[in-house]
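> Pasting the sequence and the predicted model now:
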Amino acid sequence: MSLEQDVAAARRAVDALENACTPLARHFGDTVDARRLRIDVARLRDDLALLCGSARVAREAPASSAILYDDGYDPGPGGSGRAVR
């Protein structure tokens with residue numbers, strides 16, 4: 001199967017799971033477990049979208065070979081606190 005066919009099959013499976021879980025969750029009302037079930041199905045849908053986006057990017061040629069490094073330090077709105085003189 002091609003990537004597009006696999007993605008379509010996975011999306012249909014998520015749709016079928018949602019269709020099966022929605023009536024079941026209604027029986028339990030707005031409980032923690034019913035909410036978690038709805039959130040888990042939504043997370044599956046989001047993860048599938050993220051994965052398919054990364055698969056599409058991985059198959060394309062990179063736009064640039066430049067690598068950017070960051071130390072992870074956020075100086076915030078005030079900057080680094082050092083004054084330039």
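Right, received. Where do you want to start?

> now Val32: how far from Ile39?
Summarising the geometry, the distance separating Val32 from Ile39, computed by C-beta to C-beta, to the nearest Å, is 10 Å. From N, CA and C alone the C-beta is placed, and that goes for glycine too.

> actually Ala8, not the one I typed
Separation of Ala8 from Ile39 (C-beta to C-beta): 24 Å.

> now do Ala16
With distances taken as C-beta to C-beta, Ala16 is found 18 Å from Ile39.

> ditto for Asp47
Where Ile39 is concerned, Asp47 sits at a distance of 12 Å (C-beta to C-beta).

> low-confidence ranges in this protein?
Within the chain, the ranges that satisfy pLDDT under 70 run 54-76, 78-85.

> Show me the helices in it, by range?
Counting by DSSP state H, the chain has helices at residues 3-28, 32-59.

> Looking at those helices, which is nearest to Pro77?
The stretch from the helices of the chain with the least distance to Pro77 (C-beta to C-beta) is helix 32-59; that distance is 30.9 Å.

> Now do that closest one and helix 3-28, the angle between them.
Compare the direction of helix 32-59 with that of helix 3-28 by axes from the mean of the first three to the mean of the last three C-alpha atoms, to 10 degrees and you get 170 degrees.

> For helix 32-59, which helices and strands make contact with it?
Secondary-structure packing of helix 32-59 (3 or more C-beta pairs under 8 Å, 6 or more residues apart in numbering; DSSP states H and E): helix 3-28.
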